[in-house]
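*Asks:* Pasting the sequence and the predicted coordinates here, then a few questions.
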Amino acid sequence: MPERRLRFDLAWNVRDLGGYTGAEGRTVKWGRLIRADSLSRLQEPDLDRLRALGIRTVVDLRTSAEIDAEGRVALDDGSVAYHQVSLLTALWDPATYVPEDGPEAFLVARYLEMLADPEAPMGAVLSHVVSPAAHPLVFHCAGGKDRTGIVAALALGLLGVGLDDIAADYALTAEAVGPYERWFRATYPERWESHLSMPPPYTTVTASAMATLLPQFLARYGSFEAYALSRGLSAERVAAFRAALLEP
């Protein structure tokens, strides 16, 4: 069986979304949709590992300011289509975190805002993600947790994957926190204290956040498909996505 977690030296949260049980009991195909943390750090041989996945499309969910500061994935031979589609007009303000409410409440509120934000180009992101011609496709943000986690949840939901599996996939990001922080501390010791001072929702994974979010999302929008339709996708495109990504 293919591995869910894909091993890279300078990216710690790269995962294949295949293997889950989707609509009509059909399995999501491996090797078609990949979720990741930032790919801007990748050098050889990591770039060779990325090429070996046959990636046709990269969807970068980060802001322009993040890309200006950190760069973008170094695949510039023209074989891979690169799309920057920022899901945030501005990064979250740590000052808005209320410790008494806890990290889960903060994350759920931010996720619902992102999903509802008329300025967030969620339709454009989903348009890339559901396009079979764009696959294999990787989408990523900075840590691969929040923006990437929401897009992964929507993609899996459109494929009919159960809510428990969607929440479990989100929770797997927790395994990447330790390796990333060890690298960060060794590489940027002068920034380590500021990293530690970030509120818990920014630096840890609250596994129950997705499990709490999904019922609220469905109560608001009715279904994953209804949400996609509200963002400009057609029922035919959703059906084509399922036909291409689910095993017969």
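*Replies:* It's in. Numbers count the residues shown, from 1 in each chain.
*Asks:* Point me to the residue sitting farthest from the middle of this protein.
*Replies:* Distance from the centre of the chain peaks at residue 190, with 28.5 Å (CA atoms, centre = their mean).
*Asks:* State whether residue 190 is indeed within a strand.
*Replies:* No. Applying DSSP: H, G, I helix; E, B strand; the rest coil, one finds residue 190 to be helix, outside a strand.
*Asks:* Could you check how far it is from residue 184?
*Replies:* Computed as CB to CB, to the nearest Å, the residue 190 to residue 184 distance reads 11 Å. Backbone N, C-alpha and C define where each C-beta goes, glycine included.
*Asks:* try residue 124
*Replies:* For residue 124 relative to residue 184 (CB to CB), the value is 31 Å.
*Asks:* where's residue 57 relative to residue 128, distance?
*Replies:* 6 Å.
*Asks:* Give the residues shared as contacts by the two.
*Replies:* 83, 134, 137 (CB atoms under 8 Å, 6 or more residues apart in numbering).
*Asks:* okay, how far is it across stretch 20-30, tip to tip?
*Replies:* By CA to CA, to the nearest Å, the extent of stretch 20-30 from end to end equals 9 Å.
*Asks:* ok, residues contacting it?
*Replies:* Stretch 20-30 has contacts (CB under 8 Å, 6+ apart) with 2, 16-19, 156, 159-162, 165, 169, 242, 244-248.
*Asks:* Let's see the ChimeraX selection covering just the buried ones among these.
*Replies:* Applying 16 or more other CB atoms under 10 Å to these, the buried members can be selected in ChimeraX as follows:
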select :16,17,18,19,156,159,160,161,169,242,245,246
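*Asks:* Check the secondary structure at residue 34 for me.
*Replies:* Applying three-state DSSP: residue 34 is strand.
*Asks:* Offset the numbering so it begins at 642, please.
*Replies:* Fine by me, first position is 642 from now on; the one you just mentioned is residue 675.
*Asks:* bridging residues for the closest residue to it other than its chain neighbours?
*Replies:* Nearest-residue entry for residue 675: residue 779, 4.1 Å, with adjacent residues in sequence omitted and distances by CB to CB, 6 or more residues apart in numbering. Assessed by DSSP bridges, residue 779 has beta-bridge partners residue 675, residue 699.
*Asks:* Next, the contact list for residue 779, please.
*Replies:* Residue 779 neighbours (CB under 8 Å, 6+ apart): 655, 674, 675, 676, 677, 680, 691, 694, 696, 698, 699, 700.
*Asks:* So in this protein, where's the weakest helix or strand by average pLDDT?
*Replies:* The weakest-scoring helix or strand in the chain, judged by mean pLDDT, DSSP states H and E, is helix 833-837 (a mean of 90).
*Asks:* Need the nearest residue in space to residue 712, chain neighbours excluded.
*Replies:* Nearest to residue 712 is residue 681, by CB to CB, 6+ apart, at 4.4 Å.
*Asks:* Make sure residue 786 is indeed in a helix.
*Replies:* No. Counting by three-state DSSP, residue 786 is not found in a helix; it is coil.
*Asks:* ok, so what distance separates the nearest residue to it once chain neighbours are set aside from residue 881?
*Replies:* Spatial nearest neighbour of residue 786, excluding adjacent residues (CB to CB, 6+ apart): residue 814 at 4.8 Å. Noted for residue 814: a distance of 29 Å to residue 881, by CB to CB.
*Asks:* now residue 819
*Replies:* 39 Å.
*Asks:* still on that earlier bit, who has more neighbours, residue 814 and residue 881?
*Replies:* residue 814 (25 against 15; other CB atoms under 10 Å).
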